[in-house]
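# How does the following fold in three dimensions:
(chains A and B)
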There are 2 protein chains.
Amino acid sequence: MPNKFEAEFLNKVLPLLKTSANVIIPPGDDCAGVKIDGANKILLLASDQIIGNVHYFQNSTPPEKVGAKLLKRNLSDIAAMGGKGLYALVNIANGGCDSDYLYRFMQGINEEAGKYDILIIGGDTGHFVAGSSAQSSSLVASLTIIGEADEQKVACRQNAQDGDLIFITGTVGESLANEHHLNFTPRLQEGQFLTENNFSCCMMDISDGLLLDLKRMCRLSNISAKINLSHLPLRNKELNYKQISCGEDYELLFAVPRERTEILKQTWKSDFAPLTCIGEFIKNNEVEIYDQNNNIITTGDLGYEH
Amino acid sequence: MPNKFEAEFLNKVLPLLKTSANVIIPPGDDCAGVKIDGANKILLLASDQIIGNVHYFQNSTPPEKVGAKLLKRNLSDIAAMGGKGLYALVNIANGGCDSDYLYRFMQGINEEAGKYDILIIGGDTGHFVAGSSAQSSSLVASLTIIGEADEQKVACRQNAQDGDLIFITGTVGESLANEHHLNFTPRLQEGQFLTENNFSCCMMDISDGLLLDLKRMCRLSNISAKINLSHLPLRNKELNYKQISCGEDYELLFAVPRERTEILKQTWKSDFAPLTCIGEFIKNNEVEIYDQNNNIITTGDLGYEH
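Predicted coordinates:
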């Protein structure tokens, strides 16, 4: 759905939804978080989909990679809370794919699930009429992930504080061109390390472009950010910051209290994705992103703002 | 997906899936059931979808009814376990519907959610290219329901015992013609009553036709059934048993120990759906459905068997 369409739709729908005291993390974060009577941890829930020729190329992307991407997109949402994934349900609406294609798609999900101890426990299959010619096929698949996190440590988007430093894992930009959007690793171990060791309680995954996602975190935290554009860890050194908005980086963006940053750098594990400080959160009367020269970066240039 | 295609696909996929001791009810029942550390009850999870011109008429079914049906289909799965619904996540893949249509669709879900204290806590929106002409639009929507049930009392499909009587709620047949498939009430209160009061620990919802679903229950319970065709509560008295296989009845089919049936009938509440005994489970060397004259009913005539 075009971003603007989606934003307007959500603006109308979200106010309809009721909540309760058991909903610890309401809609709008990477996952919802709910309290289950008697449970030691809160339950994390997210649901995401993958659509032919929107999130992958129907004719050229191997179906195993399509399935793996669907699960990993959801795991990235779990990672952004500092959570651990547990279970998944998969719905397939088949627009004319053959059974070999669908089997390989499920193999891709299942193989990736094995790496992260996720059990696939249910779902549904259906069919729809796809495309504009008899030859075309498509797929709409939906996956719900169920995970868990410590209520005292779970990270939300709204917790950035004045003076916190802004970090990201890995590199950003050109996710489509170099197939990072298929081959990424969800940052589960990094997310858990950050929350369990009290390095961060404010985190999200970078799915729609670093600057746009940072702006969302700023809005929810009611704070501004100042970033050093020359410090951005670009996947391709020839990129500039205006070229990193294609999204699907699936890296973590997070706030770290200033006094915790040295120990964070010292204890960051060698098998984790690289860690980069890109700036700091600052409290003023605005919610803006500033560059190192205090110029406002207009994220409107970099994608649709909502 | 055509039933045969789906059956073959699931036969290949289900053996791939791993399980664990925390999965109390594995894939293949109306819901999966999992144990959450410390929780008082088991968590029930199911995910079902609704597709334009498969589960409703894109051009004529009011979108509120489409949304309501999507939630109710999932609640019917919760009812079949004797569970209570808690939360839902909704994914929308939009194939060209306008925002008014989608808003009314979500209103339909939300209104129905209010009736059953279900909170909508997340989801995703995307778009796909639908149909065979520029004018056509479609929708693929997916809903995951999270509920709970008492581990000691939850009903499964595999628990039918020799001598148990077979009951159903409500009436069956012609669900499409009279729009029952849109206007049904998920049998949550009946399902909870049956499990909480130890009337049944073997239940499923009737979604693919009474006889086909009964055969599935028989297979999982490794037992036969003998039913009295003249006792079937038909939605339309002019129907005969061969005309009740269109599915989407969303009634409960369940086994009751013979010694509990009198008290069940006496305590069945006046605001519940009508209760009908249609036969009994019998143990022999076969898994078949017999009529009152001991003739085998070939469910192959009534839909695809798997």
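
# give the contact list for the residue in the stretch 151-300 of chain A that chain B sits nearest to.
In the stretch 151-300 of chain A, no residue comes nearer to chain B than A:S207, which is 10.8 Å away by C-beta to the nearest C-beta. Where you see a C-beta, it was placed from the backbone N, CA and C, and this is true even at glycine. Residues near A:S207 by C-beta atoms under 8 Å, 6 or more residues apart in numbering or on different chains: A:R73, A:S76, A:D213, A:G247, A:E248, A:D249, A:Y250.

# just for the stretch 1-150 of chain A, where's the confidence low?
Low-confidence segments of the stretch 1-150 of chain A (pLDDT under 70): A:1-3, A:130-135.

# Okay, strands next: where are they in it?
For the stretch 1-150 of chain A, applying DSSP state E, counting those that start in this stretch gives strands covering A:23-25, A:32-34, A:42-51, A:84-95, A:119-127, A:138-149.

# now swap in the stretch 151-300 of chain A and tell me
With DSSP E, counting those that start in this stretch as the criterion, the stretch 151-300 of chain A has strands at A:165-169, A:202-206, A:224-227, A:251-256, A:275-282, A:289-290.

# and B:G52, which of the ones you listed is closest to it?
Among the strands of the stretch 151-300 of chain A, strand A:202-206 comes nearest to B:G52, with 31.1 Å by C-beta to C-beta.

# what's in contact with that closest one?
A:29-30, A:76-77, A:79-82, A:155-161, A:164, A:168, A:172, A:187, A:191, A:194-195, A:213, A:216-217, A:221, A:247, A:249-255.

# That strand to strand A:251-256, inter-axis angle?
160 degrees (axes from the mean of the first three to the mean of the last three C-alpha atoms, to 10 degrees).

# Buried residues in strand A:202-206, which are they?
A:C202, A:M203, A:M204, A:D205, A:I206 (16 or more other C-beta atoms under 10 Å in any protein chain shown).

# Is it possible to get TSV of those residues that adds pLDDT?
Output for the buried residues of strand A:202-206, formatted as TSV (pLDDT from 0 to 100):
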residue	pLDDT
A:C202	98
A:M203	98
A:M204	98
A:D205	97
A:I206	96
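
# before we move on, back to that, just to be sure, which of the contacts of A:S207 are found in helices?
A:R73, A:S76, A:D213 (DSSP state H).

# what about the last one, neighbour count?
Read it as A:D213. 24 (other C-beta atoms under 10 Å in any protein chain shown).

# check contacts around it.
Per C-beta under 8 Å, 6+ apart, neighbours of A:D213: A:M204, A:D205, A:I206, A:S207, A:L253.

# Ignoring the adjacent residues along the chain, who's closest to A:L210?
Spatial nearest neighbour of A:L210, excluding adjacent residues (C-beta to C-beta, 6 or more residues apart in numbering or on different chains): A:V172 at 5.0 Å.

# In this structure the one you found contacts A:L252, no?
No. Counting by C-beta atoms under 8 Å, A:V172 sits too far from A:L252 to count as a contact (11.2 Å).

# If you count surrounding residues, which of those two has more?
Legend: neighbour count by other C-beta under 10 Å for A:V172 and A:L252, higher for A:V172 (32 against 27).

# Contact partners for the more buried one?
Neighbour list for A:V172: A:I206, A:L210, A:L232, A:P233, A:L234, A:R235, A:I244, A:D249, A:E251 [criterion: C-beta under 8 Å, 6+ apart].

# nearest to B:P63, of the strands of the stretch 151-300 of chain A?
strand A:202-206 (31.7 Å).

# So what's the gap between that closest one and the chain middle?
Distance, stretch centre to chain centre, for strand A:202-206: 7 Å (C-alpha atoms, centre = their mean, to the nearest Å).

# Please apply the same query to stretch A:104-119.
In terms of C-alpha atoms, centre = their mean, the centre of stretch A:104-119 is found 19 Å from the chain centre.

# That one: which residues count as buried?
For stretch A:104-119, using 16+ other C-beta under 10 Å, the buried residues are A:R104, A:F105, A:M106, A:Q107, A:G108, A:I109, A:N110, A:E112, A:A113, A:Y116, A:I118, A:L119.

# and those near chain B, which?
Residues of the buried residues of stretch A:104-119 in contact with chain B (C-beta under 8 Å from any C-beta of the partner chain): A:M106, A:Q107, A:N110, A:A113, A:L119.

# Can you convert those residues into a markdown table and add a column each for distance to B:N228?
Putting those into a markdown table (distance: C-beta to C-beta, whole Å) gives the following:
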| residue | distance to B:N228 |
| --- | --- |
| A:M106 | 42 |
| A:Q107 | 46 |
| A:N110 | 44 |
| A:A113 | 46 |
| A:L119 | 42 |
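
# Among those residues, name the ones in helices.
Counting by DSSP H, those contribute A:M106, A:Q107, A:N110, A:A113 to helices.

# I'd like to know how many residues surround the residue nearest to the first one when sequence neighbours are not counted.
Yep, that's A:M106 we're talking about. In space, and not counting its chain neighbours, A:M106 is closest to B:V13: 4.8 Å by C-beta to C-beta, 6+ apart. By the measure other C-beta under 10 Å, the count of residues near B:V13 is 23.

# All good on my end, thank you.
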